[in-house]
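K.L.:
Sequence and computational prediction follow.
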Amino acid sequence: MVRRVKEAIQKEEKQKEANEKNRQKSIKEEEKERRDLVLKSALGNENKGFALLQKMGYKSGQALGKSGEGIVEPIPLNIKTGRSGLGHEELKKRKAEEKLENYRQKLHMKKQANEQAADQFRIRFKTKQEERKMEGDLRKSQRACQQLDMQKDIDVPKETWFWIEAEEEDKKDEEDKEDECTSSDLSTLKIYLQTVLETVLQIMIKASLKEGALDKVLLAPQNEQFDKTELKESQRKPSST
């Protein structure tokens, strides 16, 4: 199978090469091939310009300039074949570069904004945690002051902020009660579900031990005229297990 596939691929490649050779080239393609061939070939002594350069001391393969650091190959000839005006390609290229640069700047700005937002979030979170800790420490200190004052039979604090305000204490108690209710409700629901599961398992075990009764119930669950006497008789039979 693999050999056939390879042979088919080779045959297709040979066919493409044959078609490429037999294909008649267009006038533009022929002109381009002739032009490239002439441009690649070096100038001979019969060329008047080259002969003039040799008279001025130029040697074949030598770089231009007194120091010999100039170009060796001639400047390439780029022939314009499109219908666009002069400088259109350069303008198009410059716009593409500007667009790419703008896109890079936007990405950089977006990255900086994301980093700044992340830093601000971390600062806010840290500040909030510190505020909560300070509030907790203050509440503990107020509660301790209140207990010490009450032990000394002091009914009114020296400063109002020495004791916990009644509204804040009631609010804290309500939150604690809600948490307790939620936990108690969850524990009650868990116990109820466990009881239901155990009951269902017991019913399934008893039903599986009674031959014939379970099959009849499953086959006719919605039949209102089910023969109850037949079910009782099947229950009275001793289990085969």
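P.N.:
All right, it came through fine.
K.L.:
quick one, domains of the chain?
P.N.:
Following automatic domain parsing, the chain resolves into domains at 91-178, 199-220+227-241.
K.L.:
Pick out the shakiest of those, pLDDT-wise.
P.N.:
Mean pLDDT values for the domains of the chain show the minimum at domain 199-220+227-241, a mean of 56.
K.L.:
in the chain, what residue sits furthest out from the centroid?
P.N.:
In the chain, counting by CA atoms, centre = their mean, Lys55 sits farthest out from the average C-alpha position, at 69.9 Å.
K.L.:
so what does the lengthiest helix in the chain touch, helix or strand wise?
P.N.:
If you go by DSSP state H, the chain has its longest helix at helix 88-151. Using 3 or more CB pairs under 8 Å, 6 or more residues apart in numbering; DSSP states H and E as the contact definition, helix 88-151 packs against no other helix or strand. In this view, the C-beta of every residue, glycine as well, is placed from N, C-alpha and C.
K.L.:
what separates that helix from the chain centre, distance-wise?
P.N.:
Chain-centre distance of helix 88-151: 22 Å, with CA atoms, centre = their mean, to the nearest Å.
K.L.:
Please report phi then psi for the nearest residue to Cys145 once chain neighbours are set aside.
P.N.:
Among residues not flanking Cys145 along the chain, Phe162 sits closest, at 4.9 Å (CB to CB, 6 or more residues apart in numbering). Torsion angles at Phe162 (phi, psi; degrees, to the nearest 10) stand at phi -70, psi -30.
K.L.:
Please enumerate the helices of the chain.
P.N.:
2-22, 27-40, 48-55, 88-151, 166-209, 213-219, 228-236.
K.L.:
Quick check: which of the ones you listed is buried the most?
P.N.:
helix 213-219 (a mean of 13; mean count of other CB atoms under 10 Å).
K.L.:
circling back to that earlier point, so how many other residues sit close to the residue nearest to Cys145?
P.N.:
15 (other CB atoms under 10 Å).
K.L.:
same deal with Ile164?
P.N.:
Count around Ile164 with other CB under 10 Å applied: 19.
K.L.:
got the contact list for the residue lying closest to it once chain neighbours are set aside?
P.N.:
Counting by CB to CB, 6+ apart, Gln142 is the residue found nearest to Ile164 once chain neighbours are left out, at 4.5 Å. Each residue near Gln142 by CB atoms under 8 Å, 6 or more residues apart in numbering is listed here: 161-164.
K.L.:
Now render the residues you listed as CSV, adding distance to Lys16.
P.N.:
Shown next, in CSV, are the contacts of Gln142 (distance: CB to CB, whole Å):
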residue, distance to Lys16
Trp161, 92
Phe162, 96
Trp163, 96
Ile164, 91
